[in-house]
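Q: quick one, structure for this:
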Amino acid sequence: MILTLECLKSIIAIFIIVLSGATWGSTGAQSKTATTLNEASLATKHELWMARYERVYADNAEKERRFKIFKDNAEYVHKFNDEENNHTYKLSLNEFADLTDEEFSRAYTGCKRSIRSAGSFKTIDPIKYENLTDVPSSIDWREKGAVTPVKYQGQCRSCWAFSAVAAVEGITKIKSGKLISFSEQELVDCDKIDGDNHGCSYGHLDSAFAYIAHAGISSESNYPYTEKEGTCDTNKTRDYAAKITNYAIVDLNSETELLNVVSKQPVSAMVDRKGREFRLYSGGVFSGECGTSLDHSVTVIGYGRTEDGIKYWLVKNSWGEHWGESGYMRIRRGVDAPQGLCGIAMQPLYPIV
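A: Have a look, this model is predicted:
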């Protein structure tokens, strides 16, 4: 019998589900001595993982090196997800399970804090949200049609572009009623006005918003993403789909003020995502250890509270739908530190239309 490609993919998916159930099931009924994963089962799991994510290595030496990293991550995930640990979130062997944290940072982060002072932001802020006393208890801008599907930045350190674009997509929908997917590639190729942004190397959110206020932004269909930095195509940039008038910063280190603005529109924010728990996050309310050395940009598209009373921020990421909760993360809100967990409240920015 000849198997079609789709049939083969289905078989692989079934194996992954079965193997996952056997390997990552509840540890409650397991012997305390059975906490170490079997080497053979890990090797099989790695092969299935490679098929799922279409991973191909240059040679056997590279495959062996990647397997060791995969094994280390797999054992960490297995122990972390043990029910006795009682975490508020879970981890999984996602697309990034064969990378070290250092390798991941070099490829998938890339945002830097603004070089502007807080005072200079306030001089360019013509609009100030009122201090609302009756902000809604929860909001999800996806439910209001102001969020495009999750995108994938690939190994281009362009998270800054995806974060800024998502915020502009949101406010454009809120103001015009039209949800348009805008072009991150235009920012990667063309945002060189003040020399602050460097395409696939790194970028600043405030420079991205300044570019969109000056030149507008094309639709994604007009200027599609390529996962690499190229030459600015001015023929495409002339036909911009939207423009903002300005941008502003949320009051620094205030989750209360961030809540105020997010109740009105999606907001770009930077986080410190160092550590494998952020990278391998698969669901729940993230409450892991992280610092305030901001290195990654996301878009805050809502907030809420779980049935257990845990407050969270709802965040859209740019690592594809296989990461987190179909590309999204819930991160703990209302922590003791004024910067917020992972520094999410340290320097949020939002576009003005």
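
Q: residue contacts, the closest residue in space to residue 106 that isn't next to it in sequence?
A: Leaving aside its sequence neighbours, residue 106 sits nearest to residue 157 (CB to CB, 6 or more residues apart in numbering; 7.9 Å). C-beta here means a position set from N, CA and C on the backbone, and glycine is covered the same way. By CB atoms under 8 Å, 6 or more residues apart in numbering, the contact set of residue 157 is 106, 107, 108, 109, 110, 200, 201, 202, 203.

Q: selection in ChimeraX covering whichever of the residues you listed are buried, please.
A: Buried residues within those, as defined by 16 or more other CB atoms under 10 Å, are selected in ChimeraX through the command that follows:
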select :107,108,109,110,200,202,203
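
Q: where does the stretch 51-200 of the chain dip in pLDDT?
A: 110-133, 193-197 (pLDDT under 70).

Q: any chance you could map the strands in it?
A: Remark: strands of the stretch 51-200 of the chain, listed N- to C-terminal, are 89-91, 139-140; assignment by DSSP state E, counting those that start in this stretch.

Q: mind putting the contacts of residue 157 into CSV with distance to residue 260?
A: Formatted as CSV, the entries for the contacts of residue 157 read as follows, by distance: CB to CB, whole Å:
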residue, distance to residue 260
106, 36
107, 35
108, 30
109, 28
110, 28
200, 34
201, 34
202, 29
203, 26
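
Q: quick revisit: burial-wise, tell me which of the strands of the stretch 51-200 of the chain comes out on top.
A: Each of those was assessed for mean neighbour count using mean count of other CB atoms under 10 Å. The highest is strand 89-91, with a mean of 20.

Q: give me the sheet partners of that one and which way each runs.
A: strand 281-286 (antiparallel) (DSSP bridges).

Q: rewinding a little: need the strands of the stretch 51-200 of the chain in JSON lines with distance to residue 226, can you?
A: Written out in JSON lines, the entries for the strands of the stretch 51-200 of the chain read as follows (distance: least, CB to CB, whole Å):
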{"stretch": "strand 89-91", "distance to residue 226": "31"}
{"stretch": "strand 139-140", "distance to residue 226": "31"}
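
Q: looking at these, which is nearest to residue 174?
A: For the strands of the stretch 51-200 of the chain, proximity to residue 174 was assessed by CB to CB; strand 139-140 is nearest, at 11.8 Å.

Q: so how far is residue 206 from residue 73?
A: For residue 73, the distance to residue 206 equals 35 Å [CB to CB, to the nearest Å].

Q: and those two? Which one has more around it.
A: residue 206 (26 against 23; other CB atoms under 10 Å).

Q: where is the longest strand in this structure?
A: strand 296-305 (DSSP state E).

Q: so what strands line up beside whichever helix or strand comes after that one?
A: Scanning forward in sequence from strand 296-305, with DSSP states H and E defining helices and strands, the next element found is strand 311-316. Here the strand partners of strand 311-316, with direction, are listed using DSSP bridges: strand 296-305 (antiparallel), strand 328-332 (antiparallel).

Q: quick one, helices of the stretch 101-250 of the chain?
A: Residue ranges of the helices in the stretch 101-250 of the chain, as given by DSSP state H, counting those that start in this stretch, are 101-108, 118-122, 159-176, 184-190, 205-215, 234-237.

Q: go ahead and confirm residue 69 touches residue 101.
A: No. Applying CB atoms under 8 Å as the test, residue 69 and residue 101 come out as separate, 10.1 Å apart.

Q: in terms of neighbours, single out the busier of those two.
A: Just comparing residue 69 and residue 101: by other CB under 10 Å the higher neighbour count belongs to residue 101, 17 against 14.

Q: show the contacting residues for the closest residue to that one other than its chain neighbours.
A: If the residues on either side of it in the chain are set aside, residue 101 comes closest to residue 276, at 5.5 Å by CB to CB, 6+ apart. For residue 276, the residues meeting the contact criterion (CB under 8 Å, 6+ apart) are 73, 76, 91, 101.

Q: apply 7 Å and report the result again.
A: Listed by CB atoms under 7 Å, 6 or more residues apart in numbering, the contact partners of residue 276 are 73, 76, 101.
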